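Undergrad: Below are the sequence and a predicted model; questions follow.
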Amino acid sequence: MRHMPRAAVLGSVSAAALFVCTAFLGAQAPPAPQGAPPAPRQGAAPAAPGQGAAPPPAAPGGRGGLPGSESGWSTFQNQCYGCHASPGASKATTAAAIRQMTPERIYNALMDAAKHPQGQNLSEIQKQRIGEFMSGRPLGSAGAGEAKAMPNQCTSNPAMRDPASGPGWNGWGNDLANTRFQPAAAARLTAADVPRLKLKWAFGLPKGMTNNAQPTVVSGRVFMASDNGYIYSLDAKTGCVYWSFQNGSIVRNSPMVGKISGQGTAQWAVFFGDGHANIFALDAQTGRQLWKVKVDDHVVARITAGVKYHEGRLYVPISGSEEFSSGNQNYPCCTARGGVAALDANTGKEIWKTYLSEPAKPWKKNPNGVQLYGPATGGVWDTPTIDTVRGALYVGTGDAVTPPESQLTDAVVAMDLKTGKVLWSRRTVEADLFMGGCNGADRGEQCPNPMGPDHDIGNSPILVTLGQGKRAVVIGTKGGDVMAVDPDNNGALLFRVNPAGGTVGAARGGRGSIVWGGASDTQRLYYGMGAAGLGAVLPDGKTAWLFTAPGASGRGNAALGAAPTTIPGVVFEGAGDGQLFAVSTDGKQLWAFNTAQPFDTVNKVAGAKGGAIATSGAVVVDGMVYVGSGYGISSGASGGNVLLAFGVD
């Protein structure tokens, strides 16, 4: 059964995952001390102008020689997992147990050559990255991000007003339909104002290495999370800090604020998920934890996207990291499954859970005797979209990993809000079994042949009205297509176009790729397509325009891949080189700012800097534009740790 009323325990990998032959010993090491505008395109105005303990310079990997911040799981799969999964290694520590340890403890264990000689096969940066991924936070970050130690504490904490009583941006898409559109009354920023935007304040995320999260702004407060294991409540106008909460693991998504009852004096809660698949509810006024629930027990289950709050329920997208390097012959691939869970927002109690496939079963063995499993799937990487007309939610889904290939992968999937029952699905591509780690001599028989195109859908479906009352659910594909399906006719195809002029249905690597999302106002759909640019699509599926901009270095086009945000007359779009662009809704550049630079922050974080804006987009509320900068998942060289706030003088 794909629909499961209660949580299933996916323990077949975690129970067998063993590390370094003996248990980790020792306590946490003390943290170590913290160690030009973009070129305007023709006709455009010029742009306005954390580390862990001990690890040394970077080893090869990633741009600039610095591996991405989550490369540790791939190293663990390749170098550690297989040889320590043998039943005879009775003193070994399971991967699940290691994931509960601090990064310092893991790193120090790998440095102990006498007890753990296997660690000597790893570079220093690989040891650091293993510790950081398995624990879920950077070395030296525990305690480093406490608000009470910051010089910019707010002088008072006035009672929060109802988030609906004033302008705000709540959660990933700002509305149930995930349009990423901010109406004029809440934006309080016009196209004429945009060229005058200037940096008002910057907030540093102490010890942060990669900034993936998107801020939520309600009731005059900013709620911002990070990879440093903290979430913060800030004043939206000044950046002073009301409180911090140390959840202990990376948060890659946008928090969401909703009504809560039965939790003492708490009236409003802020909800979010972390890198260990935990969902938290905090008192939005004080930061006090109200409840915490783990929604999936797989060793690398996680929450990549933001939760969706609706009528007292939380809808939670479940993803994981298993396919990173699961093609190694020593890895017992694969058992992870993506899915969606519904929780009672007041208590965290599970109401239903629906996975993308049946539970994995033994499939075959590699020649070395390692057992393989299937089916397994990628995750649900995007925030669910709510359709109150149909009583349904919509998600985009990841690719299949091991056979039999689930028909709910690489798809738009509709589920019943009340029960989680799958109502319909529409795949964007067939035959997409995909995993990493299949290129070397250690390739196992789990590696697909042929390898699929890796066309999982990482962006939230957008629910729109195309004209004459015709409703549509729209998603983008990694091939650069924009696809609209009919939610009132079981997902029947309405149109599929490629705004960059590429071949519709082509594999990734052509002209553009849509990964993290789109936006829609009442006139157009907007999608960032990497180096192919920012495309605008009309309700009939025709391309209105395609905007490109030079890279900050002056070489090639900027990779416009972050989720766009739109207000009347303007689209904001982030770039992989750190530039943030404002483009008119007829495709002309209005403003740009290069965030890939050091910043003096209101909380005096030494070495704070921006980097790539590659996933989460900007947020516009009450005349201000907020954006996180420093995405370093793919390459540590593009990482950063700042939240920036812009306003008009």
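TA: Cool, the structure landed.

Undergrad: only C-alpha atoms for contact and neighbour calcs from this point on.
TA: Will do.

Undergrad: Please enumerate the helices of the stretch 101-250 of the chain.
TA: 103-111, 124-135, 184-187 (DSSP state H, counting those that start in this stretch).

Undergrad: Likewise for the stretch 401-550 of the chain?
TA: Secondary structure of the stretch 401-550 of the chain (DSSP H, counting those that start in this stretch): no helices located.

Undergrad: which stretches of it have low pLDDT?
TA: Within the stretch 401-550 of the chain, the stretches falling below the threshold (pLDDT under 70) are 508-511.

Undergrad: Show me where it has its strands.
TA: With DSSP state E, counting those that start in this stretch, the ranges of strands along the stretch 401-550 of the chain come out as 411-416, 422-427, 462-467, 470-476, 482-486, 492-497, 518-520, 525-528, 534-537, 543-547.

Undergrad: how much space is there between G171 and R426?
TA: Here the distance between G171 and R426 works out to 26 Å (CA to CA, to the nearest Å).

Undergrad: More neighbours: which of those two?
TA: It is G171, of G171 and R426, that has more neighbours when counted by other CA atoms under 10 Å, with 32 against 19.

Undergrad: Excluding residues flanking it in the chain, which one is nearest that one?
TA: In space, and not counting its chain neighbours, G171 is closest to M256: 4.5 Å by CA to CA, 6 or more residues apart in numbering.

Undergrad: what does P183 give?
TA: The shortest distance from P183 to any non-neighbouring residue, by CA to CA, 6+ apart, is to I567 (6.0 Å).

Undergrad: I'd guessed that neighbour sits against A186; true?
TA: No: the pair I567 and A186 does not pass the contact test of CA atoms under 8 Å, sitting 9.3 Å apart.

Undergrad: Look at those two and report which has more neighbours.
TA: When I567 and A186 are compared for neighbours, I567 comes out ahead with 27 against 16, by other CA under 10 Å.

Undergrad: circling back to that earlier point, surely the residue nearest to G171 is in contact with G173?
TA: No: assessed by CA under 8 Å, M256 is found out of contact with G173, at 10.3 Å.

Undergrad: neighbour-wise, which of these two wins?
TA: Neighbours of M256 and G173, each counted by other CA under 10 Å, are more numerous for G173; the result is 29 against 26.

Undergrad: just checking, the more buried one touches R180?
TA: Yes: in this structure G173 lies within contact range of R180 using CA under 8 Å: 4.5 Å.

Undergrad: Can you give the domain ranges for the protein?
TA: If the domains of the chain are taken from automatic domain parsing, they occupy 10-31+50-135, 147-156+169-444+457-648, with pieces of a single domain joined by a plus sign.

Undergrad: wait, which of those domains is closest to M451?
TA: M451 lies closest to domain 147-156+169-444+457-648 among the domains of the chain, at 5.8 Å (CA to CA).

Undergrad: about what we covered before: which of the strands of the stretch 401-550 of the chain has the highest mean neighbour count?
TA: Comparing the strands of the stretch 401-550 of the chain by mean neighbour count (mean count of other CA atoms under 10 Å), strand 525-528 ranks first with a mean of 30.

Undergrad: now that strand, how far from the centre of its chain.
TA: Relative to its parent chain, strand 525-528 has a centroid offset of 18 Å by CA atoms, centre = their mean, to the nearest Å.

Undergrad: same for that strand, what does it pack against?
TA: Helices and strands touching strand 525-528, as assessed by 3 or more CA pairs under 8 Å, 6 or more residues apart in numbering; DSSP states H and E, comprise strand 518-520, strand 534-537.

Undergrad: quick one on the thing from earlier: now the residue nearest to P183: how far from S584?
TA: Counting by CA to CA, the gap between I567 and S584 amounts to 10 Å.
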